[in-house]
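*Asks:* Next one to model:
(chains A and B, ligands or ions: 2)
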Amino acid sequence: MAQAQRWVGKPIPRRDALEKAIGQAKYASDLFPEGLLWGKVLRSKYPHAKIRRIDVSSAKSHPGVVAVFTHEDVPNNRYGLFNKDRPVLCDDKVRYIGDPIAVVAAETPEAAEEALGMIEVEYEPLPAVLDPLEAMKPESPKVHERGNIARQTRISFGDVEQAFREADVIVENTYTVGTQIHAYLETEAGISYFDENGRLTIVAGGQSPYRDRHEICSTLNIPEDSVRVVIPHVGGAFGGKDDISVQIHLALITLKTRRPARLVWTREESTIAGTKRHAGIIRMKTAARRDGVLLANKTEIIYDTGAYEGLGPAVLDVAIENCNGPYKIPNIDISATLVYTNNYVASAFRGFGAPQVLFAIESQLDAIAERLNMDPIELRLRNALRRGDVGVFNNKLIGSVGIAKALEIAANHELWRERGRYKSETARPWIKRGVGVASAIKGYTLGALPDKGQVGVELTREGKFRVRVSSTEIGQGVLAALAQVAADMLRCGVDDIQLVFADTLETPDTSVTSASRQLFLAGNALADAARKMLDKMRHVAAGLSGEPPEVFDFLDGYAISRDGKTRISYAEIARYMENNNIPPHVVGEYEVPRVEPIPGTLEIPHLFYMFAAALALVEVNTLTGFAQVRKLVVIPDAGKVINPQTFQGQIEGAAVQGIGYALMEEAKIENGILKTQNFATYLIPSIKDAPEIEVIPVEDGEETGPFGAKGIGEIGIIPIAPAVANAIKDAVGVRPTSIPITPEKLYWLIRSKHGEKGSH
Amino acid sequence: MIFKFRSISKVLILRSGENLYVRCGNAVVRRFSFVLNGKPVEVEVPPAYTLLETLRNVLHLTGTKDGCSDGDCGACTVLLDGRAVHSCLTLMAQVEGRSVTTVEGLLRDSSPDEVQSAYAESGAVQCGYCTPGLIMATKALLMSNPRPSVEEIKEALRGNLCRCTGYAKILEAVLRVRR
Ligand code: FES
Ligand code: FES
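*Replies:* Numbering: from 1, shown residues only, chains lettered A, B, ... in the order given. Ligands and ions are numbered 1, 2, ... in the order given. A predicted model of the protein is given here:
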């Protein structure tokens, strides 16, 4: 029998929305345990320096101060997911401005703040390396003992040089992409305490409770079952809470003082010490035949990971994997380097390395279309990947591939068909308009690495279900989507699903909430759990009625026999289970199918990809260089939309972050000092900067996903910057190769091209 | 009811004339009276405390959010005598004797205000950290201008940053409750 879909696909408002709107939802920053200590962190003043001496004695004796901790209090003072290169509290050196040196715990925030100023740190400043190209030179000062090359790899297929000789057109450009700051509204925050069973409990904004617990326990050298990590509602994350922030410092305070603690970063602290999107340099040489068929792409990627790696090695992998766009290109050559500098730490940020390289390749495609005098969408369609194709890494695309369909929708959209009219509709001669297009691709699920998750389902006494997932609600609506999926799978109302989430004590490990995969992974594990649960219930129904189990099906909270004569409510089944000591819970599991990673990579290629196309209408004031997005059309390949309202919201939100990335968000770093530390200097889009956004999902169905759904959390941001840049080129005839395209940059770009002609 | 600065019991209390001063570390506290969500309250906090610090850190009324403590994000917006203010920039001395409404104060017999429902139903709430501030800014706008134009809405909400939604659904929510 076909799976009934009563809840999946419905735009029902998220269950947490009202609770948040009335101010009742509790975030980590809203918690004040009784008798708490206020934590504050002392951070480095130098981008690179030896630590000669740390003296905390006067800070310790300051009234109200209970404890001050340094590296001496941390048993294993290095952590990191790929490389344990990051100190919990700095010992030998500081490697960026913001590196933590000491943690103060005091009775009041004022006393903690005052004590920070009383800690004496004697530094021996070292020359800082701030430019990744400089850092790559062997004679450059070393950020870490192992040198400044954190990771370097080269992947090639085919023969690019041969292809360049045979090509009709070759486009070569160097692109630079700036640092982007997550700028979630809730800064990194948490509390810690010993629960009634003596378990050290950390409640903090994060993305993976099990991974956070692992980092806490390995650095503080305590057993994992003595620690509980809970992640409540999180006030935004976008990848920025994938790494450790407050967790280990909080655990340290409570472990040593036996008192509850609270640690909340200030906005400035969040912009300095929080991770960022990698800044980088991307050189690309792309060749095509006269008919538009792409022949070769040679790419050099340099990403600045700052003082520590974080998730940088994996981010670099995603850059490598996606730098050729969603296209068939027979000859590719990629060299990629992840470089340590004394800049701010870069790690995960929505898109995870893809937005940078897609900006490059999609600008390249536009330049080729222009040289060939071809419609840019037609050029993209000619080369677009389709299901069953072999990708650039010789990988067969077995999952759904919706990019051609998305591009066709773009080509037929009136913004594209009538772009001539849109462009002419400007009020003043110095205001120019342009329309640009771009595609996007990104693998989802973690890739070639083992990736497995569990979900628990429990039938309650009332005949409702408790679903346990360690997925985190970072604003993306995964809980609401899972509730809808669960209701359909367990054949009950969506209100009969209670979700317990992100708690190492209460929920099984559903793996990390990143790579746009929670819905996919948790959804599939949930399907397994639902199957097991219904099977169990079928047997109970049989026991209760004397009929064979196979005759029972489930609908609306009842087990119903095939002839419709026997109806047994879920509550009756639950009671029977209780009375007969049948455990009312099951655990479902799902392991993402994967392929062998290709040599030189960590985890690529992925088996599944998400795609999108976008159109942007941009207006440029040629007198000031100020560019503004007037309209966006985003066409994501969604597989199947579980909840249209949450789906649209995810895409719209990502798109506006993309506008910030493309035009506004400039993290100014001078001599290792971040000059844009708050919302007054680091400008993120306001409601005034947000254009009209049209979202048109392609619902081709990914049969391996729950009800055909794909991950969609990240794809929305990826095509925006290149679509905006291509629209600017269309408007003013010059191609921006550096994002963010600030008014200053664009003004000079327009000026510098005045005398020249025919440039790309 | 008098709410006290958190660690009051652990520190020296001094009396001087009418006012109660409490030393805490190097902090001195002072008493302030105002009306909060319709009820009179008195608090004793350091005189340099902002309304936001008082609401969150002392009263633990955490519906009002702290996004920057600096007047740049709007997450802390509350109504002061019916006008929207940034509570992070409002000193307790400015609140003395006046009336403050926070997002919790919009509930009537525990049912949500129409602006709150509109935000929830329009999908204008994702992570929700900006939401209380936006709701209070919307409330203030509609009280002074029940039928705002799209431009007027954008102007009124331009100081309220949201990193999640892209603002489309926020605009939709306000249009839903516009008269
Ligand atoms: S917290 Fe007040 S404006 Fe940001
Ligand atoms: S919903 Fe997250 S900041 Fe607005």
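*Asks:* Near the closest residue to A:Leu31 other than its chain neighbours, how many other residues are there?
*Replies:* Computed as C-beta to C-beta, 6 or more residues apart in numbering or on different chains, the closest residue to A:Leu31 that is not its neighbour in sequence is A:Ile191, at 4.6 Å. Heads up, the C-betas are built off the backbone N, CA and C, glycines and all. By the other C-beta atoms under 10 Å in any protein chain shown criterion, the neighbourhood of A:Ile191 contains 26 residues.
*Asks:* now swap in A:Glu462 and tell me
*Replies:* The burial metric for A:Glu462, expressed as a neighbour count using other C-beta under 10 Å, is 12.
*Asks:* Next one: it from B:Gln94, what distance?
*Replies:* The spacing between A:Glu462 and B:Gln94, counted by C-beta to C-beta, to the nearest Å, is 51 Å.
*Asks:* Check A:Ser156 too.
*Replies:* A:Ser156 is 66 Å from B:Gln94, where distance means C-beta to C-beta.
*Asks:* Could you list every helix and strand in contact with the helix or strand where B:Tyr119 lies?
*Replies:* Secondary-structure element containing B:Tyr119, defined by DSSP states H and E: helix B:114-122. When contacts are defined as 3 or more C-beta pairs under 8 Å, 6 or more residues apart in numbering or on different chains; DSSP states H and E, helix B:114-122 sits against helix A:15-21, helix B:131-144, helix B:168-177.
*Asks:* To ligand 1, which of these lies closest?
*Replies:* Using C-beta to the nearest ligand atom as the criterion, the shortest distance between ligand 1 and these is 7.6 Å, found for helix B:131-144.
*Asks:* buried sites along the closest one?
*Replies:* If you call a residue buried by 16 or more other C-beta atoms under 10 Å in any protein chain shown, then helix B:131-144 has these buried ones: B:131-142.
*Asks:* now that helix: mean pLDDT?
*Replies:* The predicted model gives helix B:131-144 an average pLDDT of 98.
*Asks:* How far off centre is the helix or strand just after that helix?
*Replies:* As assigned by DSSP H and E, the chain's next helix or strand after helix B:131-144 is helix B:150-157. For helix B:150-157, the distance from its own C-alpha centre to the chain's C-alpha centre is 20 Å (C-alpha atoms, centre = their mean, to the nearest Å).
*Asks:* With stretch A:140-148 instead?
*Replies:* Mean-position distance between stretch A:140-148 and its chain equals 28 Å (C-alpha atoms, centre = their mean).
*Asks:* now do the same end-to-end measure for it.
*Replies:* End-to-end distance for stretch A:140-148, by C-alpha to C-alpha, to the nearest Å: 8 Å.
*Asks:* ok, and what's touching that stretch?
*Replies:* Contact partners of stretch A:140-148, identified using C-beta atoms under 8 Å, 6 or more residues apart in numbering or on different chains, comprise A:48, A:85, A:95, A:126-129, A:134-136, A:138, A:307, A:339-342.
*Asks:* buried stuff in it?
*Replies:* Judged by neighbour count using 16+ other C-beta under 10 Å, the buried positions of stretch A:140-148 are A:140, A:143-144, A:148.
*Asks:* Is the host helix or strand of A:Ala613 positioned near chain B?
*Replies:* Under the criterion of DSSP H and E, A:Ala613 resides in strand A:608-621. No - taking C-beta under 8 Å from any C-beta of the partner chain as the criterion, strand A:608-621 and chain B are apart, separated by no less than 13.2 Å.
*Asks:* any weak-confidence spans in the stretch 1-150 of chain A?
*Replies:* Judged against pLDDT under 70, the low-scoring parts of the stretch 1-150 of chain A cover residues A:1-4.
*Asks:* low-confidence ranges in the chain?
*Replies:* Reading this off chain A. Looking along chain A with the criterion set at pLDDT under 70, you get A:1-4, A:445-450, A:475-476, A:511-518, A:701-711, A:755-760.
*Asks:* ah, I was thinking of chain B
*Replies:* When residues are selected by pLDDT under 70, those of chain B lie in B:1-27.
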